[in-house]
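> My questions are about this predicted structure, shown below with the sequence.
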2 protein chains.
Amino acid sequence: CSISKLREWAHHGAPMFADLTVRELKAVRAYLHGIPELGLTDARSDTLKKNSILLIELHLPKKHEALRALDRGQAKPTRQARVIIQFGNQTKANISEYIVSPLPTPKTHTIKTFKGDRTIKFESRPITSVEYHHITNMLTKITTIAHKLLFETTGGFSFTDCSDRCLTFSDIAPRGLGPGERRSWIMLQKFVEGYFIHPIGFEILINHQDLDPEKWTVEKVWYNSMYFDSVEELVAKYESGDVAKVKLPDHDDSDLFSTYIPRGQSNSPTNIHGPKLVEPQGPRYHIDKNFVEYAGWSFAYRVRSSAGLQVFDLRFNGERIAYEISLQEAIAFYAGDTPAAMQTKYIDAGWAMGTSTYELAPGIDCPEIATFVDLYHYFDTDKPVHHKNALCIFEMTTAMPLRRHFNSNFQGGYNFFGGLENTVLVMRTTSTVYNYDYIWDFLFYQNGVMENSFETVGLKFVNFTNPWSPKNFVVQSKLDRTEHKTERSAAFRFGKKFPRYLHFTNPNEKNKWGHQRSYRIQFNSHAHSILPRGWREENGISWSRYPLAVTRHKDSEATSSSIYTQNDPWEPVVSFEDYIRNNEDIVNQDLVAWVTVGFLHVPHSEDIPNTATPGNSVGFFLRPFNFFDEDPSLASRSTVIVRPDKDGKPKVQRWTPEVVGHCVTDKPFFYNGTYAGV
Amino acid sequence: CSISKLREWAHHGAPMFADLTVRELKAVRAYLHGIPELGLTDARSDTLKKNSILLIELHLPKKHEALRALDRGQAKPTRQARVIIQFGNQTKANISEYIVSPLPTPKTHTIKTFKGDRTIKFESRPITSVEYHHITNMLTKITTIAHKLLFETTGGFSFTDCSDRCLTFSDIAPRGLGPGERRSWIMLQKFVEGYFIHPIGFEILINHQDLDPEKWTVEKVWYNSMYFDSVEELVAKYESGDVAKVKLPDHDDSDLFSTYIPRGQSNSPTNIHGPKLVEPQGPRYHIDKNFVEYAGWSFAYRVRSSAGLQVFDLRFNGERIAYEISLQEAIAFYAGDTPAAMQTKYIDAGWAMGTSTYELAPGIDCPEIATFVDLYHYFDTDKPVHHKNALCIFEMTTAMPLRRHFNSNFQGGYNFFGGLENTVLVMRTTSTVYNYDYIWDFLFYQNGVMENSFETVGLKFVNFTNPWSPKNFVVQSKLDRTEHKTERSAAFRFGKKFPRYLHFTNPNEKNKWGHQRSYRIQFNSHAHSILPRGWREENGISWSRYPLAVTRHKDSEATSSSIYTQNDPWEPVVSFEDYIRNNEDIVNQDLVAWVTVGFLHVPHSEDIPNTATPGNSVGFFLRPFNFFDEDPSLASRSTVIVRPDKDGKPKVQRWTPEVVGHCVTDKPFFYNGTYAGV
Ligand SMILES: [Ca+2]
Ligand SMILES: [Ca+2]
Ligand SMILES: [Ca+2]
Ligand SMILES: [Ca+2]
Ligand SMILES: [Cu+2]
Ligand SMILES: [Cu+2]
C-alpha cells in the first residue's frame, strides 16, 4: 500500500480517538438526565445522598473495529461515551459505569462490566467537592473547639476568622485500612504559599463513610506525637497540663521560605531573558485537531479525564509502530512518622489526574513558540470544564547533533564533515495532583526514536517534626505491540535479572539486510519494588511488581488501574495481576507491553520551595532496531555536508536556506575543517 | 569570607589550569631541542630510529599549592610542562616523561616517575603518522602482490592507481597478545564515504615492532574466513583454486548507503530551518579566558591533549563543589568474528583522544549563538596545531520548567501559579577517535546541579560477513570530593549491590536545618563488567571494575589510565587497582571519586550511516543534597509568579522584561489561571 494512502487512512481514523466535544458531553448528560429511572440530580448540589454523574469521557472503539478504519479506510465505528454514575440515593449505594451510544445523539445506555463481574464499592469512589465542603464544615466545628490550642501552638493562626493567619488542611489516602472504609487522616497546615510544607503538627482521623455528614465522627486526634480519642479529650488534657503545649517557632510574615519570590545573588544577570526558541521559517509540524504529523511520524492523541495522555496509531512513514501508548497510573508512596504520613499512598488516577491538566504558561511550561491546545473535562461537575492551554506541542532543538562525523585525513585536513542537528517534537501535558505537578512528555525524534519522559515537580508534604521522609514515585504506561512466549515468562519482576536489550519483534518481517524488524524498549528508570508482594495496599498496584510485563491484547483489559484503586486498593476493581494469571501464549499474538518506571525521592533542603526537574526525569525510549533499512532521519533536508574542493577550500552542501534568518544569525554557515600547525 | 573575595580568588587561580599557549609550547620545544644530550630531531621526519617529542601539555600544579592561590589569594605556583619523549635512537629504545619548568622561559627538566617506578615500554607508545606512513608503504607492496585477488573480489577496487575505486585500511588495537609486542591486524575497506562500514573481507597481521620498516613482516592473512601464513601463499592458493574466490556484490556508485546525502520523504518540511536558539537580550554567562561564570557557578577549564576536557575549582556561590572533574579514559570493546574484530579493544587515551578535538559546526554541533573557542595541541607534530572552534560554551533552554506549581483552589480558580524556565550552561568538546565521535558535555543547571553527559556517535566497524557485533562503550571520569570509611569499602563492583543514594558528605558542616551538607552522585548508565577480572587486557582497565571507587587524593595518582595503555594493557604503566590496594582510611581525608559509566551497543541497521544521539547518552549528575538551605536557583530573576487580584484578574509578578523581544514574541506574558464550566 502506498505511503500516501496509509497517511490518508491514519488521518481518516484519528477522530475515533478524539476526546468528547462540549456538544457531545452536554448531549450525554442531557440524555442520561432525561431517563427517570436513573433519578439523576446535579453533581454539585449539597447532599451526598443523590444519584449523579461523576465522569463522562470517550469510550474507545474496539481495536479490531478501529483497525478497519485505520488499515483499510473503512467507515469509523460509532462514537460512544463512558459515564460513571454514583447512586447515593439508593437502599444500597453503588457506583455503575455505562456506555452511552451513539454520539452525538445518544439513544442507548448499557452497563459496562468489569473482569470477573466485580462490582465497584461505593466507598471506593473518588472524593468530590461536595464531600470536601462537608469536611470543611466539620473541621470548622473541630477547630472551634480546639481554637485556643491551635492559636497558641501556631502563634495566632486559626481555621476561621483569620484574615492573613489562616489554617488550611490536606487529606491523605487511602482512607482506612481495608475495603469499605472511608476514614481519612487530615492534617492542618498554615495557609501560606507552599502550605504543604507548613504542617502544624495537628492531625485528625475523620470517619466520613456515612452519606449523612451529621453522622461523621472524629476517631483519633494526634498532637505533640500523642494520640487522643477526641478533640475534647485533647483540649481537656491540654488545659490541665496533661499534655505539654507545643509552641511553633514564631511565624515570620517576611520569611519567603516556601514562596517562589527570588532572593539571593548570582554571578551573572538573570533580569534579562535567557535563551529562547524561535522558528526562523515557521513550524515544521502539522496539527489537524488531534492528528499530528512531524518528520516521518503521525499519530492521534487524547487526554482522557480519568488518566491523562494517550497516543494512538503511532506510525512512521505510514507504518504502525504502536496502536496505543498511554499513561496508566502514577503513585507516590510516602514514609514518615506522623499518622498521616505513615498512611499516605497516593494512587493518582483516583484523584482524576487526567482532569488536573491546568494551564501551561508560555515561556515556562512550554516555549513561547509552542502550539497550545485547550481541553475539556467532565468530572465532578454539571457542565464541561474548559481548560485553556492545557496541552502543548512544539518542536525544539536539543542543541546537539543527531549525527555528526568528522572524517580526518590525519594530515591536517579532512575527507568530509557531515552533521544533522537534533530536533524533536514534544507533546506535553501536566497533572497537578494536589501538592505535586507531573510533567508528561511524549518526544518524537527524527530518527524513529520515541521517548516517554515523566517529571514530578512541586511541593511535597514535609513533616517538620522529623527528618524528611522518602517517597517512591512510580508511573505506569501501556504500549500495544510485542512478541514473546508466554505472559508469565514475559513478566519481569523488580529485583530479578532483567535483559539488557528488550526487543519487540515481528518474526514474519525482515529488513533489507535480512534482520528481524524490531523496536527496542530502553529504560530510564530507578524504580524498585515499593511494597512486599501481596501486602495490603500492594494488591491495588500489582502492575508495580513488573518493570515490564507483556500480555495478550484484550479490549476488556484496557487499563492496569482505575479511579477506584485509591480508595480501595485492598480489593481493586481492576487488578493487573489477573491479566497474566492465565499465562496465555503470546507468540504471534496481538500484544501489550506494560512498562513501569519510577524513582525514589528522599527530600532535601533544595526541594524548597519546590522539587526541580534536572535529574528527576524517568521514562523509556522506543528505538528502532533493524526496523528500518537505514536511519530514517536520512530523509531530513537539514543535513549539512562539507567536503574540501580540489583547492582544499570547504564546499558546503545543504538543502536548507543558506542564512538561518536575522533573529539567529545573518552569517551563512561556515566550516573550515583544517587543523594546521602554527 | 565574602562571596566577592571568594570569586576574586577563583578568578585569580584559574590561569593555573589553562592549557599551554602557543608561545609556551614553542618555548618548551626550543628548550629541549637545545639540549644536546637529548639528541632530539623532528617528530615528522621519516625515520623511526630517532629521539623526538611526542607530546607537550600543561603539567598541573600540586593540589596543595594550587589551593593556596584559590583559597587565600596567594601567588600562583610556577607553570610547568609535561613532555613525552620517544628515544628511538638508543641502544635500548625507551619512552620518558619530563617536567619542564618554569614557563614561559624553561630552565630545567626533570624526569617524571611513575608509581612503583614502572618504566614505559617502547612498544606501548601510540602510533604516529610516520609509522602510518611506513605501514601504508608496506600495504602498497602487499596489495600489489594481491592486486588481482583484490580487484576481482571487489569488482575493480585497488589500493594504488585507483582514482574513484580505491581501497583504504583501518588498524586495530591492542597490537598483539602480550607486553612488548607490536603486531597489528589491518583490514582493507573500500575508500568511500563511511568506509568503516565497507570492509572487503581481507585482513592482514603485520609485525611492525622493529624500528627498521624494512624488517617488518606479514604474519597472517585472512580471506574468505581462512588464515594464510603469507600473501604469497594466499595468492597461490587463490590462483590454483585451493581457496574459493569471493565476489562482493556489485559496487553501485550511486548507492548512498553510508553517506549523509538525504534521501526519502517525510510528512513535514525539512527544507526550512528547524527551531533555533536566540538570546533576546544577549548572553547571561561570562567567559574570561578559561574562567567561566554562570548563575551561581564558576569554574576553570582545560582540554589536555592526552585525555580531553577537565573542569577545575568548580564553585557555587563562591564555595567549592569539586576541585577537579575530568574525563580519564574511554574504551570501546568489540565482539565479532573476523580476526581484527575479535581483537579490537580500543582504549582511546592511546589514540590521543584529547587531541582529536576537531572543529565544531555552528548550528549542528553547537547552536549558532554559542561561544566557540580555539584550542592548540602539541602531539606528534613539530609545531603547535591550531584547532579552530574546538570547544563551545552556550546557554540553552531545555524547553521545560525548572520548577512550576499550579496551586488550585479546587473551585475553578487558583491561589497562585509560579514557574521558572529551565536553562542550562553547556560546555562541549568532541573527540573523533577514528571511526567514532564522542561528544563530551558538562552541564551546569541554575539549581546547583551539574551533569556530565557523554554521547558516542559516528561510524562503527561493520563486518559484512556476519551479524553486526556488539560493543561496550565505557567512560571513566574523576571527581575530587568525597567522604567514606576505607578505600576498599568504597570501591563498588559491577554486579554487586549498589547503593540507591550516593552522598559525598562533609561531616563537619550542616545546613541551617541541621542536616549534613552533601552532594549526591546519580548515575545515568547502563554499564556492566566488560571482561572477567584479571583477564589479559582487563588489567589495563582495572578502573572499569567499579562504577564508583573512592580513593585518597594523591598528586601522584592523577589519572586512572595513560596513553600507553592501548598498546600495552597487559602490564600498564598506570594501574588503577594500585590506588585502592593499600586500602587507606578515607574518613576526613581529601578524596577522589572515580566514576565509570557506559553502555552496550549492539549495531543495527539504523546505525547507517552513523549512530545517532537520542537514547545514547550516559553520564552522571552531581546534585546538592542538603548542601544549600533552599534551592539556590531562587536567586534567578527569571521567575514568574501569577496571583489573582481581588477581582480575580491575573496579576503577573516578574523581574525580567515584560516582552521577550520581536524574534520570539511581541506579546507580553499572559496567564489566565481559571478552568471554568462552559
Ligand atoms: Ca522529560
Ligand atoms: Ca492474559
Ligand atoms: Ca549529552
Ligand atoms: Ca590508596
Ligand atoms: Cu529532591
Ligand atoms: Cu545503535
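Sure, I can see it. Ligands and ions are numbered 1, 2, ... in the order given.
> Contact partners for A:Ser356?
Contacts here follow C-beta atoms under 8 Å, 6 or more residues apart in numbering or on different chains; on that basis A:Ser356 touches A:Ser431, A:Thr432, A:Val433, B:Ser408. The way it works is simple: take the backbone N, C-alpha and C, and place the C-beta from them, glycine included.
> Give me the PyMOL select line for the residues you listed, limited to the buried ones.
Here is the PyMOL selection string for the buried members of the contacts of A:Ser356, based on 16 or more other C-beta atoms under 10 Å in any protein chain shown:
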select buried, (chain A and resi 431+432+433) or (chain B and resi 408)
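> Okay, and which of the contacts of A:Ser356 map to strands?
When those are checked against strands using DSSP state E, the ones located there are A:Ser431, A:Thr432, A:Val433, B:Ser408.
> The closest residue to the last one other than its chain neighbours and A:Thr432, how far apart?
So the one you mean is B:Ser408. Excluding its sequence neighbours, the residue lying closest to B:Ser408 (C-beta to C-beta, 6 or more residues apart in numbering or on different chains) is B:Tyr414, at 5.5 Å. Separation of B:Tyr414 from A:Thr432 (C-beta to C-beta, to the nearest Å) stands at 9 Å.
> Repeat that for A:Ser617.
A:Ser617 sits 18 Å away from A:Thr432, taking C-beta to C-beta as the criterion.
> In JSON lines, list the ones in strands among the contacts of A:Ser356 along with pLDDT and distance to ligand 4.
Listed next are the ones in strands among the contacts of A:Ser356 as JSON lines, based on pLDDT from 0 to 100; distance: C-beta to the ion, whole Å:
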{"residue": "A:Ser431", "pLDDT": "90", "distance to ligand 4": "49"}
{"residue": "A:Thr432", "pLDDT": "86", "distance to ligand 4": "50"}
{"residue": "A:Val433", "pLDDT": "80", "distance to ligand 4": "49"}
{"residue": "B:Ser408", "pLDDT": "81", "distance to ligand 4": "55"}
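> Out of those residues, which is nearest to B:Phe157?
Among those, A:Ser431 lies closest to B:Phe157 (C-beta to C-beta), at 59.7 Å.
> need the contact list for that closest one.
If a contact means C-beta under 8 Å, 6+ apart, then A:Ser431 has A:Gly308, A:Ala330, A:Asp348, A:Met353, A:Gly354, A:Ser356, A:Thr357, A:Asp437, A:Tyr438, A:Trp440 as its contacts.
> try it again with 10 Å
Contacts of A:Ser431 were listed using C-beta atoms under 10 Å, 6 or more residues apart in numbering or on different chains, and they are A:303, A:307-309, A:327, A:330, A:348, A:351-358, A:437-440, A:456, B:406.
> And for A:Ala69?
If a contact means C-beta under 10 Å, 6+ apart, then A:Ala69 has A:Trp9, A:Ala10, A:His12, A:Gly13, A:Ala14, A:Pro15, A:Met16, A:Pro61, A:Ala75, A:Lys76, A:Pro77, A:Asp313 as its contacts.
> Check the secondary structure at the third one for me.
Read that as A:His12. Using DSSP: H, G, I helix; E, B strand; the rest coil as the criterion, the local structure at A:His12 reads helix.
> is it true that it touches A:Leu70?
Yes: the pair A:His12 and A:Leu70 qualifies as a contact (C-beta atoms under 10 Å) at a distance of 7.8 Å.
> can you list residues touching both of these two?
With the criterion set as C-beta under 10 Å, 6+ apart, the overlap between the contacts of A:His12 and A:Leu70 is A:Lys76.
> Not including adjacent chain positions, what is the nearest residue to the residue of the stretch 51-200 of chain A at minimum distance from chain B?
With C-beta to the nearest C-beta as the measure, the residue in the stretch 51-200 of chain A that lies nearest chain B is A:Glu193; the distance is 6.0 Å. Spatial nearest neighbour of A:Glu193, chain neighbours left out: A:Thr259 (4.4 Å); criterion: C-beta to C-beta, 6+ apart.
> Would you mind measuring from A:Gly241 to A:Leu248?
19 Å.
> At which residues are the helices of the stretch 351-500 of chain A located?
If DSSP state H, counting those that start in this stretch is used as the criterion, the stretch 351-500 of chain A turns out to lack helices entirely.
> Where does the single nearest residue of the stretch 251-400 of chain A relative to ligand 2 sit: helix, strand or coil?
Scanning the stretch 251-400 of chain A for the residue nearest ligand 2 gives A:Gln328, at 16.3 Å (criterion: C-beta to the ion). Each residue gets one of three states, and A:Gln328 gets strand by three-state DSSP.
> what is A:Leu375 paired to in the beta sheet?
Beta-bridge partners of A:Leu375, counted by DSSP bridges, are A:His387.
> quick revisit: from the contacts of A:Ser356, which is closest to ligand 3?
Comparing these against ligand 3 with C-beta to the ion places A:Ser431 closest, at 28.0 Å.
> Could you check how far the closest one is from B:Val550?
Following C-beta to C-beta, the distance that separates A:Ser431 from B:Val550 is 40 Å.
> gap between A:Lys107 and ligand 5?
From A:Lys107 over to ligand 5 the distance is 53 Å, taken as C-beta to the ion, to the nearest Å.
> which residues sit in contact with that residue?
Applying C-beta under 10 Å, 6+ apart, we find A:Lys107 in contact with A:Tyr31, A:Val100, A:Ser101.
> Please list the members of the residues you listed that lie in helices.
A:Tyr31 (DSSP state H).
> could you redo the contacts of A:Lys107 as CSV and give each row distance to A:Glu152, pLDDT and neighbour count?
As requested, these are arranged in CSV below (distance: C-beta to C-beta, whole Å; pLDDT from 0 to 100; neighbours: other C-beta atoms under 10 Å in any protein chain shown):
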residue, distance to A:Glu152, pLDDT, neighbour count
A:Tyr31, 56, 98, 18
A:Val100, 55, 98, 23
A:Ser101, 60, 98, 18
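> could the contacts of A:Lys107 go into JSON lines alongside distance to A:Asp337?
Conversion of the contacts of A:Lys107 to JSON lines gives the following (distance: C-beta to C-beta, whole Å):
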{"residue": "A:Tyr31", "distance to A:Asp337": "51"}
{"residue": "A:Val100", "distance to A:Asp337": "47"}
{"residue": "A:Ser101", "distance to A:Asp337": "51"}
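> Just give me the closest of the contacts of A:Lys107 to ligand 6.
A:Ser101 (46.6 Å).
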